[in-house]
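[1] Quick one, fold the following:
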Amino acid sequence: MNEYIRSKEVRLIDENGENHGVVPTSKALRMAEDADLDLVLISPNQEPPVAKILDYGKYKYELAKKAKEAKKKQHIVEIKEVKMRYKIDVHDYEVRIKAAKKFISQGNKVKGVVMLRGREMQHSNLAFDLAQRFIDDMLKSEDLGVVLEKKPQLEGRNVTFYLVGQNSNQ
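    Sure thing, here's the model as predicted:
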């Protein structure tokens, strides 16, 4: 900005958006002072760098406003967890399916966990079967567009898998 610009020449754009071409930095600074504005580097990595005559305070304010607006519109994808055991009852299973559908419709990822305790580790194949049944039931709901992100894997004493909606793929 202003005197901190080190290049000998800059490609100058004035306050009205008019391109003046490549001019010496000293001339560009004089033009900025005459207009009672600042000389700001817009693209410092160009050859020669692009500088614009503008009100720096107003420029910073507008940049902050744009960043705030962009942050307001973004949705942070959270990972919601649905836990169950392989001996789950029918109604409890349906509740887990309903919760997972709700999470995906809100744009979040779903981590499915089938927990195993003690001697249940010997029956990990039943946990994998339940995980696959859960995945199949979720994939059947075409209105959500559910996609399997990570297939069932045994992690410690749990069988885990990840589901995500097609519109929130990341």
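[2] for the protein, what spans make up the strands?
    9-13, 19-24, 38-43, 50-54, 79-85, 109-115, 146-155, 158-165 (DSSP state E).
[3] need those in TSV with mean pLDDT, mean neighbour count and distance to K66, can you?
    Every residue, glycine included, has its C-beta placed from N, CA and C. Listed next are the strands of the chain as TSV, based on pLDDT from 0 to 100; neighbours: other CB atoms under 10 Å; distance: least, CB to CB, whole Å:
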stretch	mean pLDDT	mean neighbour count	distance to K66
strand 9-13	87	21	19
strand 19-24	86	12	23
strand 38-43	84	18	15
strand 50-54	87	22	15
strand 79-85	93	16	29
strand 109-115	94	20	29
strand 146-155	89	15	32
strand 158-165	92	20	28
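[4] Save the ones you listed as TSV, and put in distance to A67 too.
    Shown next, in TSV, are these (distance: least, CB to CB, whole Å):
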stretch	distance to A67
strand 9-13	22
strand 19-24	27
strand 38-43	17
strand 50-54	18
strand 79-85	26
strand 109-115	26
strand 146-155	30
strand 158-165	27
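[5] Show me the protein divided up by domain.
    Using automatic domain parsing, the domain ranges for the chain come out as 2-70, 79-168.
[6] start to end distance for the shortest one?
    Meaning domain 2-70. 29 Å (CA to CA, to the nearest Å).
[7] List the beta-bridge partners for T160.
    With DSSP bridges as the criterion, T160 is bridged to V113, Q153.
[8] and it, what does it touch?
    111-114, 150, 152-153 (CB atoms under 8 Å, 6 or more residues apart in numbering).
[9] what does K8 give?
    24-25.
[10] Tell me the spacing between it and A28.
    11 Å (CB to CB, to the nearest Å).
[11] circling back to that earlier point, ok, so of the contacts of T160, who is nearest K71?
    Using CB to CB, K111 comes nearest to K71 of these, at 25.9 Å.
[12] nearest spatial neighbour of that closest one, skipping sequence neighbours?
    E81 (4.7 Å; CB to CB, 6 or more residues apart in numbering).
[13] thought that neighbour was touching V114?
    No - here E81 lies out of contact with V114, judged by CB atoms under 8 Å, at a distance of 11.7 Å.
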